[in-house]
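Novice: Using only what follows, build the 3D model:
(one chain, ligands or ions: 1)
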Amino acid sequence: MKKTKQHASSKGSSKSKNLALPKGMRDIIGDQYYSFQGFFEKAQEVAVYYGFKPIETPMLEHVDVFTSGIGEGTDIVDKEMYTLKTKGGDHLALRPEHTAPLMRSYIEQGMQNMPQPVMFYQYGPVFRHDNPQRGRYRQFWQFDLDSLGSDKSIVDALVIKVGMSILEEAGAQNLSVDINSIGDKECRGAYIKELTSYYRKHINGLAHIDRDRLKTNPLRILDSKEEKTKEINENAPDSISFLCASCKKHFKEVLEYLEEMGISYNINKNLVRGLSYYTRTVFEIVEQEGGEDGSPLALSGGGRYDYLARQLGSKKDVPAVGFSIGVDRIISSPWYKKLSPRIMRKPKIYFIQLGSEAKLKSLNIIDILRKAHIPIAQSLSKDSLGSQLAVAEKLGVPYSLIFGVKEALEDSVIVRDMASRSQETVKLSKLLEYLKEIK
Ligand code: AMP
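Specialist: All right, here's what the predicted structure looks like:
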């Protein structure tokens with residue numbers, strides 16, 4: 001889409017107003033809108049089939065929901081959150097993701113009293129003050145799916161399977177799962193200690209940003225994008241070797257389920273997914289060679305977050321697992337199936353009106369057709385037969401209804417077969433019956 005800047009700020013003037021679209025944000029219109037809507041409908045259909053229920057949490061939450069949940073030392077919390085102080089003094093943030101708000105809701109709504117696990121899907125915009133570039137926006141859309149209240153390995157496998165199915169239904173091919181286990185509170189401490197001591201030994205080789213992470217969030221160094229750090233990461237200790245017996249069993253079971261379902265996976269020891277709420281399973285669903293340079297492209301990411309509830313003030317742990325799919329990336333992929341929203345129906349009939357008497361009654365006739373679920377097109381603002389027929393030809397509809405002054409007086413309408421150009425006058429009271437027959 002063309003970028004227009006004509007009404008942006010006039011710098012220098014004390015009255016200057018900036019009325020342009022904020023950086024990294026978009027107006028979603030036309031085919032792009034339908035692409036999003038079609039995807040969300042398909043994703044919901046798959047999620048509902050597997051027993052997930054809808055939920056919608058607000059776009060604004062208290063900042064603490066994210067700082068306690070996602071944790072400091074993460075890009076999201078340190079650099080990317082849109083925060084604001086309300087007039088009432090609340091410190092709020094536009095949600096940068098859906099998981100922490102979902103857990104906040106679980107706790108606040110007392111969902112621990114419902115049969116466990118509770119399984120939800122949710123979708124909508126998330127906001128990150130990221131550097132906008134191709135495929136990266138500051139407002140983008142995620143579809144999330146989560147199961148809260150069970151620590152069973154089959155639930156990890158279930159959410160991965162649902163994620164794969166949604167992506168496949170959208171047209172993705174060559175998918176595989178990058179997976180790792182980062183352990184639980186029994187074993188993660190020893191691992192992080194070992195990892196920290198390894199990085200301390202190689203501190204001079206680490207990129208600057210990763211030296212800082214060593215203090216705040218050493219796990220993050222493992223998925224660093226910095227070339228210098230990547231070399232050091234090759235020999236870094238891996239979390240799987242440190243797993244305690246129950247984490248090892250859990251991970252082994254998840255992999256067995258994936259094998260049983262024929263889902264191809266790759267154990268990626270550098271996958272940690274950065275956010276401090278993750279425990280045990282972390283995964284990404286990647287499209288092999290989906291990146292611009294033929295590298296794998298992550299379409300979805302997720303994992304287990306068994307301690308998030310406690311970080312958000314719950315007295316008890318709530319074992320949970322989920323993922324989020326980056327929808328912008330899906331709908332701009334060459335393989336995207338252009339899923340059509342259910343409300344989009346190709347018009348079968350073009351409605352033409354001629355003269356003021358006919359125009360006056362036009363909306364009543366269109367309403368009869370709507371109530372009978374007959375998809376139509378019209379251009380009520382046009383007056384001449386020629387210009388209206390031209391639109392009908394362009395749309396390629398099989399039939400037109402022509403409603404002129406004479407028809408308006410006689411409560412009838414002309415049905416025109418666009419291919420043969422034959423016409424028949426039909427009483428309005430018989431119209432639906434007639435249309436049913438020729439359909
Ligand atoms: P994350 O929540 O960071 O794990 O991201 C989950 C998915 O959201 C990624 O796999 C991307 O597809 C997508 N995503 C993350 N950041 C952005 C962004 N700035 N713009 C568009 N999509 C994004």
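
Novice: When you work out contacts or count neighbours from here on, use the C-alpha atoms and nothing else.
Specialist: Noted.

Novice: what sits against whichever residue of the stretch 251-400 of the chain sits closest to the ligand?
Specialist: The stretch 251-400 of the chain approaches the ligand most closely through residue 326 (3.5 Å), counting by CA to the nearest ligand atom. Applying CA atoms under 8 Å, 6 or more residues apart in numbering, we find residue 326 in contact with 140, 141, 142, 143, 299, 300.

Novice: Run through the bridge partners of it.
Specialist: Beta bridges link residue 326 to residue 142, judged by DSSP bridges.

Novice: what do you get for residue 267?
Specialist: residue 179.

Novice: rewinding a little: and the ligand, which of the contacts of residue 326 contact it?
Specialist: 140, 299, 300 (CA under 6 Å from any ligand atom).

Novice: helix or strand right after the lowest-mean-pLDDT helix or strand in the chain?
Specialist: Ranked by mean pLDDT, DSSP states H and E, the helix or strand of the chain with the weakest confidence is helix 75, at a mean of 83. Following helix 75 in sequence order, the next helix or strand is strand 83-85 (DSSP states H and E).

Novice: Quick check: neighbours of the helix or strand following that next one in the sheet, parallel or antiparallel?
Specialist: Next helix or strand after strand 83-85 toward the C-terminus (DSSP H and E): strand 91-94. Here strand 91-94 is paired, per DSSP bridges, with strand 60-62 (antiparallel), strand 83-85 (antiparallel).

Novice: gap between the residue nearest to the spatial centre of the chain and residue 177?
Specialist: Most central in the chain under CA atoms, centre = their mean is residue 142, positioned 2.6 Å from the mean C-alpha point. Relative to residue 177, residue 142 is positioned 19 Å away (CA to CA, to the nearest Å).

Novice: Could you do residue 266 as well?
Specialist: 6 Å.

Novice: These two - which one has more neighbours?
Specialist: residue 177 (24 against 12; other CA atoms under 10 Å).

Novice: Would you agree the more buried one falls within a strand?
Specialist: Yes. Under DSSP: H, G, I helix; E, B strand; the rest coil, residue 177 sits within a strand.

Novice: so what's it up against?
Specialist: Residue 177 makes contact with 263, 264, 265, 266, 283, 284, 285, 286 under the criterion CA under 8 Å, 6+ apart.

Novice: Using CSV, lay out the residues you listed together with secondary structure and pLDDT.
Specialist: CSV is the format used below for the contacts of residue 177 (DSSP: H, G, I helix; E, B strand; the rest coil; pLDDT from 0 to 100):
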residue, secondary structure, pLDDT
263, coil, 97
264, coil, 95
265, strand, 97
266, strand, 97
283, strand, 98
284, strand, 97
285, strand, 97
286, strand, 95
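
Novice: Any of these buried? List them.
Specialist: Neighbour counting with 16 or more other CA atoms under 10 Å marks 263, 265, 283, 284, 285, 286 as buried within the contacts of residue 177.

Novice: which residues does the fifth one contact?
Specialist: In other words, residue 285. Residue 285 neighbours (CA under 8 Å, 6+ apart): 163, 164, 175, 176, 177, 178, 298, 299, 300, 301.

Novice: try the third one
Specialist: With contact taken as CA under 8 Å, 6+ apart, residue 283 is in contact with 177, 178, 179, 180, 271, 273, 301, 302, 303.

Novice: Next to the ligand, which bits of the stretch 51-200 of the chain? Give me the list.
Specialist: 130, 135, 136, 137, 138, 140.

Novice: Compute the number of surrounding residues for residue 73.
Specialist: Neighbours around residue 73, by other CA under 10 Å: 22.

Novice: Which helix or strand contains it?
Specialist: Applying DSSP H and E, one finds residue 73 in no helix or strand.

Novice: in terms of contact, does it touch residue 214 like I think?
Specialist: No. The criterion here is CA atoms under 8 Å, and residue 73 misses it with residue 214 at 9.3 Å.

Novice: Give me the residues contacting the strand or helix carrying residue 388.
Specialist: Here residue 388, judged by DSSP H and E, is contained in helix 385-395. The contact list for helix 385-395 (CA under 8 Å, 6+ apart) reads 350, 352, 353, 354, 379, 382, 400, 418.

Novice: List the buried residues of that helix.
Specialist: 388, 389, 391, 392.

Novice: Likewise for stretch 311-331?
Specialist: Here stretch 311-331 shows 311-312, 314, 318-331 as buried, counting by 16+ other CA under 10 Å.

Novice: so how far is residue 19 from residue 198?
Specialist: 51 Å.

Novice: Show me what the longest helix along the chain is in contact with.
Specialist: If you go by DSSP state H, the chain has its longest helix at helix 30-49. With contacts defined as CA under 8 Å, 6+ apart, helix 30-49 is touched by 53, 121, 123, 143, 145, 162, 165-166, 169-170, 327-328, 331, 338-342.

Novice: Right, I'll leave it there.
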